[in-house]
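Enquirer: structure for the following, please:
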Amino acid sequence: MQAVVHYALAPGAVELREMPVPAAPGEGEALLRVGAVAVCGSDVHQYRNTQSWPVRVPVVLGHEFCGTVAAAGKGEKHWREGDRVACETAARICGRCAYCRRGDYHLCPQRLGFGYGLDGAMAEYVLAPARCLHRLPAGLPFAQAALTEPACVAFNAVRRRSEIAAGDEVIVLGPGPIGLLCAAMARLSGAGRVIVAGLRADAPRLALAKALGADTAWTLDGDASEWREALRQLGDGLGAAVVIDASGSAAALETALALARPGGQITKVGWGPQPLGFSLDPLVQKAVTLRGSFSHNYPIWEEVLALLAERQLDLRPLISRVAPLEEWQACFNSMHQRQLIKAVLTPAA
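Expert: Numbers count the residues shown, from 1 in each chain. Model (predicted):
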């Protein structure tokens, strides 16, 4: 089978290779025929060797995926051949630590994910733990179902790690796929006003924000002073109750501190390896609550799939291109250049 392989820790060290089909699934495993796999910003980072996480090379990329059960391991009673499923990303966990035992296995210190720790789904087949699988709603196309994983990341950041009260003003920094999905989740959480903010280069993504639940989109040319002034014209002028930092820049946290109201919240879900380089005194002065948000767990996946089944969440606006696996490089480059919001590859098409 063909697979997109990250083979060395160097810029551009990704290529389409011929790989063996994974071995027959063992106990507690299932072999999936990949229906669709979405390209994540982390895949692009690994392609450019700008990631801030350890990668075990060589490794098949791809962790946002869905497909059909091709074979189930011995003794598996819940899944059978032909079942349409989406798959979580925690490909390996210890199962014994305090986090695993209480269901927060995404925080397991030994956790390894698809696409960096174990082979992912940018291939015709992928081997997955049966515990990671979720049944897809009837009629949900694979191209949309592949975006369940980033929707779960946003759900965790907004509806689990943030506390949004009815009528709250919410600002999302960074109009990438996660930021746009955070805006959608903020709207579903009852926010009174949702603002998505980004750079001039983000204009196409900012234009999409309203289709996903935002009331307003802001652009920034210089520092955050213009945004602070705009906030003074809204509500009581004291700032946003909740700021979601979904950007890929560590400096965005400084902007978040400037925009959060006294006693407000900042939830950081965007990765950024750069040092901060600014004072955290505003965090203290305003008594702001700062929280990180990472990944997701089983209940979150079930809730997001219910939102998709009930059509309360529409992922279609995020999909800019659906392409065969052979066109992976063009999709990666176009996403890096911000020409696409989200590309989806179809290995088994």
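Enquirer: for the stretch 201-349 of the chain, what spans make up the strands?
Expert: With DSSP state E, counting those that start in this stretch as the definition, the stretch 201-349 of the chain shows strands at residue ranges 216-220, 240-245, 260-268, 289-292, 319-323, 342-345.
Enquirer: ok, Gly179 to Gly292 distance?
Expert: 16 Å (C-beta to C-beta, to the nearest Å). To be clear about C-beta, it is placed using only N, CA and C from the backbone, and glycine gets the same treatment.
Enquirer: between the two, tell me which one has more neighbours.
Expert: The neighbour count for Gly179 versus Gly292, taken as other C-beta atoms under 10 Å, is higher for Gly179 (29 against 11).
Enquirer: for the more buried one, phi and psi?
Expert: For Gly179, the backbone dihedrals (degrees, to the nearest 10) come out as phi -60, psi -40.
Enquirer: these two touch, right, it and Ile244?
Expert: Yes. Gly179 lies in contact with Ile244 (C-beta atoms under 8 Å); the separation is 7.3 Å.
Enquirer: mutual contacts of these two, please.
Expert: With contacts defined as C-beta atoms under 8 Å, 6 or more residues apart in numbering, the residues shared by Gly179 and Ile244 are Val172, Leu173.
Enquirer: quick check: domain ranges of this protein?
Expert: The chain breaks down by automatic domain parsing into domains covering 2-147+315-345, 153-292.
Enquirer: out of the strands of the stretch 201-349 of the chain, which is closest to His134?
Expert: With C-beta to C-beta, the closest approach to His134 among these belongs to strand 342-345: 18.1 Å.
Enquirer: quick one: mean pLDDT over that closest one.
Expert: Along strand 342-345, the predicted confidence averages to a pLDDT of 98.
Enquirer: which strands and helices lie in contact with that strand?
Expert: Here strand 342-345 is seen to pack against strand 29-38, strand 319-323, helix 328-336 when contacts are counted using 3 or more C-beta pairs under 8 Å, 6 or more residues apart in numbering; DSSP states H and E.
Enquirer: tell me who's in contact with the nearest residue to Trp328 once chain neighbours are set aside.
Expert: Taking C-beta to C-beta, 6 or more residues apart in numbering, and ignoring the residues beside it in sequence, Trp328 has Val4 as its nearest neighbour in space, at 4.9 Å. Residues near Val4 by C-beta under 8 Å, 6+ apart: Val14, Glu15, Leu16, Arg17, Val60, Leu61, Gly62, Met122, Ala123, Leu325, Trp328, Leu345.
Enquirer: is the fourth one in a helix, a strand, or coil?
Expert: Three-state assignment for Arg17 (DSSP: H, G, I helix; E, B strand; the rest coil): strand.
Enquirer: per-residue pLDDT, the nearest residue to it once chain neighbours are set aside?
Expert: Across the structure, with C-beta to C-beta, 6+ apart as the measure, the residue nearest Arg17 apart from its sequence neighbours is Val5 (4.6 Å). The predicted structure scores Val5 at 98 on the pLDDT scale.
Enquirer: I'd assumed Gly62 was in contact with Val5.
Expert: No. Counting by C-beta under 8 Å, Val5 stays clear of Gly62, with 10.4 Å between them.
Enquirer: just the strands in the stretch 51-200 of the chain please.
Expert: Taking DSSP E, counting those that start in this stretch, the strands of the stretch 51-200 of the chain run over residues 59-60, 64-72, 84-87, 90-92, 112-113, 125-129, 133-135, 169-173, 193-199.
Enquirer: can you add mean pLDDT, mean neighbour count and distance to Leu257 and give the ones you listed back as JSON lines?
Expert: JSON lines is the format used below for those (pLDDT from 0 to 100; neighbours: other C-beta atoms under 10 Å; distance: least, C-beta to C-beta, whole Å):
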{"stretch": "strand 59-60", "mean pLDDT": "98", "mean neighbour count": "20", "distance to Leu257": "36"}
{"stretch": "strand 64-72", "mean pLDDT": "98", "mean neighbour count": "24", "distance to Leu257": "31"}
{"stretch": "strand 84-87", "mean pLDDT": "98", "mean neighbour count": "24", "distance to Leu257": "36"}
{"stretch": "strand 90-92", "mean pLDDT": "97", "mean neighbour count": "20", "distance to Leu257": "31"}
{"stretch": "strand 112-113", "mean pLDDT": "98", "mean neighbour count": "16", "distance to Leu257": "30"}
{"stretch": "strand 125-129", "mean pLDDT": "98", "mean neighbour count": "24", "distance to Leu257": "40"}
{"stretch": "strand 133-135", "mean pLDDT": "98", "mean neighbour count": "18", "distance to Leu257": "37"}
{"stretch": "strand 169-173", "mean pLDDT": "96", "mean neighbour count": "30", "distance to Leu257": "11"}
{"stretch": "strand 193-199", "mean pLDDT": "93", "mean neighbour count": "24", "distance to Leu257": "14"}
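Enquirer: quick one: closest of the ones you listed to Phe278.
Expert: Shortest distance between Phe278 and the strands of the stretch 51-200 of the chain, using C-beta to C-beta, is found for strand 169-173: 15.0 Å.
Enquirer: one step back: pick the most deeply packed of the strands of the stretch 201-349 of the chain.
Expert: For these, the stretch with the most neighbours on average is strand 240-245, a mean of 28; neighbours defined as mean count of other C-beta atoms under 10 Å.
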